[in-house]
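Q: Structural data only, the sequence is not supplied:
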């Protein structure tokens, strides 16, 4: 029962932020969400290094490129572009 409650709470959170999909973030080129969307979470699947990021206008995010390495874990914010030096991630999409 506790597992189901946690799953329902997680789904309610995802629904409340408007999450509607994801996009792989791999390679060393900038990855952007489709027009009309932004990344509200980036789930680093392996230890990763971020070269650069573009924040959604008005958002205040951690400067991921200032970190030597980002461990495999999710990071939350509002981004319109992420570029990796190494690693891989999944960017979760929300509507603007």
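A: Structure received. Keep in mind that this is a model prediction, so the values were computed, not measured. Numbering: from 1, shown residues only.

Q: which SS state does the residue nearest to residue 59 when sequence neighbours are not counted fall under?
A: Nearest-residue entry for residue 59: residue 78, 3.8 Å, with adjacent residues in sequence omitted and distances by Cβ to Cβ, 6 or more residues apart in numbering. No exception for glycine: its C-beta is placed from N, CA and C like everyone else's. Following DSSP: H, G, I helix; E, B strand; the rest coil, residue 78 is assigned to strand.

Q: Hmm, residue 78 is touching residue 38, no?
A: Yes - if you go by Cβ atoms under 8 Å, residue 78 and residue 38 touch, sitting 5.3 Å apart.

Q: okay, the two: which has more neighbours?
A: residue 38 (24 against 18; other Cβ atoms under 10 Å).

Q: do you know how far the residue nearest to the more buried one when sequence neighbours are not counted is from residue 45?
A: Spatial nearest neighbour of residue 38, excluding adjacent residues (Cβ to Cβ, 6+ apart): residue 56 at 4.8 Å. Separation of residue 56 from residue 45 (Cβ to Cβ, to the nearest Å): 22 Å.

Q: repeat for residue 85
A: 15 Å.

Q: Show me which of these two is the more surrounded one.
A: Legend: neighbour count by other Cβ under 10 Å for residue 85 and residue 45, higher for residue 45 (16 against 12).

Q: Contacts only, for that one.
A: Residue 45 is in contact with 72, 87, 88, 89, 90, counting by Cβ atoms under 8 Å, 6 or more residues apart in numbering.

Q: What degree of burial does the residue nearest to residue 38 show, as a neighbour count?
A: By other Cβ under 10 Å, the residues close to residue 56 number 18.

Q: Many thanks, we can stop here.
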